[in-house]
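Novice: Next input, structure requested:
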Amino acid sequence: MKIHFIGIKGISMEFLATLCKSYGNEISGSDLRLSGHSEKNVAGADVAVYSYAIGENNPEYIEAKRLGIPLLSRAELLGKISRKYEKVIAVSGTHGKTTTTAMLMSALKDMDPTVHVGGTVNGKLGKIGGRELFVTEACEYHESFLSLEPNIGIVLNVELDHADYFKTYASFYDAFEKFSKQTKTLFVCGDNEARRLKGLEATYTFGFNEENDYRAILTGSKEGYFTFSALYKGKPFAEMTLNIRGRHNVLNALSVIAVCHHEGYSFSGIRDFKGVDRRFESLGKCRGIEYISDYAHHPHEIQCTLELAKSIYGRVLTVFEPHTYSRTQAFFKELAVALSASDRVIVLPIYAAREKPIRNVDAGLIAREGGFEIANSYEQASQMIRSVEGGYDAVIFMGAGSVDELARRYFALSVCDRK
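Specialist: Next comes the predicted model:
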């Protein structure tokens, strides 16, 4: 079978294409980052797969429809693939699902799972393993995760996001309830709004609070790396020191430990896990300043990242790129509050991603609300950073768009300039 991927350079799409190829299918793909989109690209395809970044006005989408080529969304394909495996573990939540999925990949390495993760680890996409165990990140956008019927599910948190699709918190939460009811055994964080969700057959809670089925008790920390005891029904069964920073990652790790403990899997591989690319990733140090690239783009994520940064470093300069117009419009006040934990903030123009501009919505909404500086371009931001960075111990480039490119380019030039 020949499968054509429209928008193949998305992380999930590229991995799914590679996975389909491993099954013996012929694969083709197009992307704006390759040679663009053309109706000629779908010729000869038996199936065309598209992501939600692809609109119905895409020439390849239109041509596939005209030719009668079956169209599958990325989520639909993921659902079909998952049903090829004996057991499916799905990780969901507004925040932390990429890190937690990758942590499961590390913990379960001896099980040889196939792992679909929405980020890269040391530059690599997921893992193609055996046909017994499939571990996947389960994204809530457009209710994509409803294509899955997992044996085991994790819900880390349920905080409103994707304001372009979910208009109310009730509709957002309802999507997670539907997902939970399609999951046989569910592990939910008992410390937040996820605690009310119930699995189809069984539900377990995890968290710091005493009433959780699985509980973490912090026993030490050093430069943001935590040591904790894991308890089940009040009885300790494991001690863990993480190789990834942040108190929030203790909860991510605890969810993995809970699943593994319940299933009788070893989870010692968690100790080797050093994180996902762009999640509080240190690019290096130059002239006493630590440069960090971070994916945070939602208020809660920003809060956690800056709390961690402030606990490790002294003065922090944050260069923030808002992600999508709808998210900026919906959360600009909350974004400003979260960013105010930084000693200084430079706000970049909005990274549009899949969206078109919204009238009167720009980066100035956040900057004015928080009293931050605005850079109108990466070049201007670089000049602004260079003129003030000497007064800070860390510079964090933050956002889910292309700000990572600015971070790496700026750091590379900083190192070259200062040899």
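Novice: number of nearby residues for Ala238?
Specialist: Ala238 has 17 neighbouring residues, counting by other CB atoms under 10 Å. For glycine as for every other residue, the C-beta is placed from the backbone atoms N, C-alpha and C.
Novice: Now do the contacts for Ala375.
Specialist: Contacts for Ala375 (CB atoms under 8 Å, 6 or more residues apart in numbering) come out as 319, 346-349, 381, 384.
Novice: least trustworthy helix or strand in the protein by mean pLDDT?
Specialist: helix 403-417 (a mean of 87; mean pLDDT, DSSP states H and E).
Novice: Contacts made by it with the rest, please.
Specialist: 278, 283-284, 286-287, 291-293, 319-321, 348, 351, 378, 381-382, 385, 397.
Novice: Can I get the buried part of these as one ChimeraX selection?
Specialist: To isolate the buried ones among the contacts of helix 403-417 in ChimeraX, judged by 16 or more other CB atoms under 10 Å, type:
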select :278,283,286,291,292,293,319,320,321,348,351,378,381,382,385,397
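Novice: Return the subset of the contacts of helix 403-417 lying in helices.
Specialist: Judged by DSSP state H, helices contain the following of the contacts of helix 403-417: 378, 381-382, 385.
Novice: Of the residues you listed, which is the nearest to Ile312?
Specialist: Nearest to Ile312 among the ones in helices among the contacts of helix 403-417: Ile385, at 19.6 Å, using CB to CB.
Novice: buried ones in the least confident helix or strand of the chain?
Specialist: Buried residues in helix 403-417, counted by 16+ other CB under 10 Å: 403-404, 406-407, 410-411, 414.
Novice: thinking again about what came up before, pipe the ones in helices among the contacts of helix 403-417 into JSON lines and attach distance to Lys356 per row.
Specialist: Converted to JSON lines, the ones in helices among the contacts of helix 403-417 look like this (distance: CB to CB, whole Å):
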{"residue": "Tyr378", "distance to Lys356": "22"}
{"residue": "Ala381", "distance to Lys356": "24"}
{"residue": "Ser382", "distance to Lys356": "28"}
{"residue": "Ile385", "distance to Lys356": "30"}
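Novice: Max pairwise distance over those residues: which two?
Specialist: Distance extremes for the ones in helices among the contacts of helix 403-417: the farthest pair is Tyr378 and Ile385 at 10.2 Å, using CB to CB.
Novice: In which helix or strand does Thr219 reside?
Specialist: Element membership for Thr219 (DSSP states H and E) is strand 214-222.
Novice: Just checking: what are the partner strands of that strand?
Specialist: Strand 214-222 pairs in its sheet with strand 202-207 (parallel), strand 225-232 (antiparallel), by DSSP bridges.
Novice: Kindly reformat those as TSV and extend each row with mean neighbour count.
Specialist: Listed next are the strands paired with strand 214-222 as TSV, based on neighbours: other CB atoms under 10 Å:
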stretch	mean neighbour count
strand 202-207	21
strand 225-232	18
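Novice: Would you reformat the ones you listed as JSON lines and include mean pLDDT and distance to Ile69?
Specialist: Formatted as JSON lines, the strands paired with strand 214-222 follow (pLDDT from 0 to 100; distance: least, CB to CB, whole Å):
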{"stretch": "strand 202-207", "mean pLDDT": "98", "distance to Ile69": "41"}
{"stretch": "strand 225-232", "mean pLDDT": "98", "distance to Ile69": "50"}
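Novice: ok, and the closest non-adjacent residue to Leu317?
Specialist: Closest residue in space to Leu317, ignoring its immediate chain neighbours: Tyr392 at 4.3 Å, by CB to CB, 6 or more residues apart in numbering.
Novice: Tell me the pLDDT of that neighbour.
Specialist: Looking at Tyr392, its pLDDT is 97.
Novice: how about it, what does it touch?
Specialist: So Tyr392 contacts 289, 314-317, 343-344 (CB under 8 Å, 6+ apart).
Novice: let's see it at 7 Å
Specialist: Taking CB atoms under 7 Å, 6 or more residues apart in numbering, we find Tyr392 in contact with 289, 315-317, 343.
Novice: What does Pro236 show for phi and psi?
Specialist: The phi/psi pair for Pro236 (degrees, to the nearest 10) reads phi -60, psi 140.
Novice: For the residue lying closest to it once chain neighbours are set aside, give me its contacts.
Specialist: Of all residues not flanking Pro236 in the chain, Ser229 sits nearest, at 5.0 Å (CB to CB, 6+ apart). Taking CB under 7 Å, 6+ apart, we find Ser229 in contact with 217, 219, 236, 239.
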